[in-house]
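Novice: need a 3D model of the sequence below.
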Amino acid sequence: MKKATSMFALLALAACGSDSPTSPSPPVPQIAGKYNGYPAWLVQWNRSRDGVIGSFTCYGTVTLSQSESMGGIASLTGFMVVAQPCPAQSFDLTGTVQADGSLHFRSGGPKPPEGQCPAAPVVEYAGVVSQKVNYLELSARGTVMLDCPGPGEGPQQMDYIVSASRNN
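Specialist: As a prediction, the model looks like this:
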């Protein structure tokens, strides 16, 4: 009988788990919506073969949908639309946002308004969405190497800096 009681007590303790209290995950901010950028992209480039650097800007929008959060993280889907002076394009977007407003997503990067460099099909962006008085501000950055065809071109590092806002 003593063995059965001891075994029952041991099983009961094992079933309870940890004695320390668990706290719920912090809430993930609701960031879904359409963000406008004036400009949306600042692109800084550096040509590898001769070190020439430059930059260009593109207007555009970022549209996000957000899933229910689990464990302090929510999934993001959406798209980015590039407008003037860059060639019109759109790119799908997938990623995550965390409770502290940090976000990571994959999307594309705009083609320069002139020259031979292509659009970047995949850019890994990291950034943050922060609450301002009357709006949300999205800021993110990603870097890729592109091989630009044409005479005098070649590999170029492209730094994509996205800035856009959404009214509350």
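
Novice: host element of the residue lying closest to residue 47 once chain neighbours are set aside?
Specialist: Nearest non-adjacent residue to residue 47, counting by CB to CB, 6 or more residues apart in numbering: residue 156, 4.9 Å away. Just so you know, the C-beta spots here come from the backbone N, C-alpha and C atoms, and that holds for glycine as well. Assessed by DSSP states H and E, residue 156 sits inside strand 154-167.

Novice: before we move on, the earlier item: for the residue nearest to residue 47, give its distance to residue 73.
Specialist: Noted for residue 156: a distance of 34 Å to residue 73, by CB to CB, to the nearest Å.

Novice: flag the shaky bits of this structure, pLDDT-wise.
Specialist: Low-confidence segments of the chain, defined by pLDDT under 70, are located at 1-22.

Novice: one more pass at 90, please.
Specialist: Scanning the chain for pLDDT under 90 picks out 1-26, 38-39, 115-116, 150-152, 168.

Novice: where do the strands sit along it?
Specialist: Ranges of strands within the chain are 33-47, 53-66, 73-82, 89-98, 102-109, 120-131, 135-148, 154-167, based on DSSP state E.

Novice: which one, of these, ends up nearest to residue 25?
Specialist: Residue 25 lies closest, by CB to CB, to one member of these: strand 73-82, at 8.3 Å.

Novice: report the buried residues of that closest one.
Specialist: Buried residues in strand 73-82, counted by 16 or more other CB atoms under 10 Å: 74, 76, 78-82.
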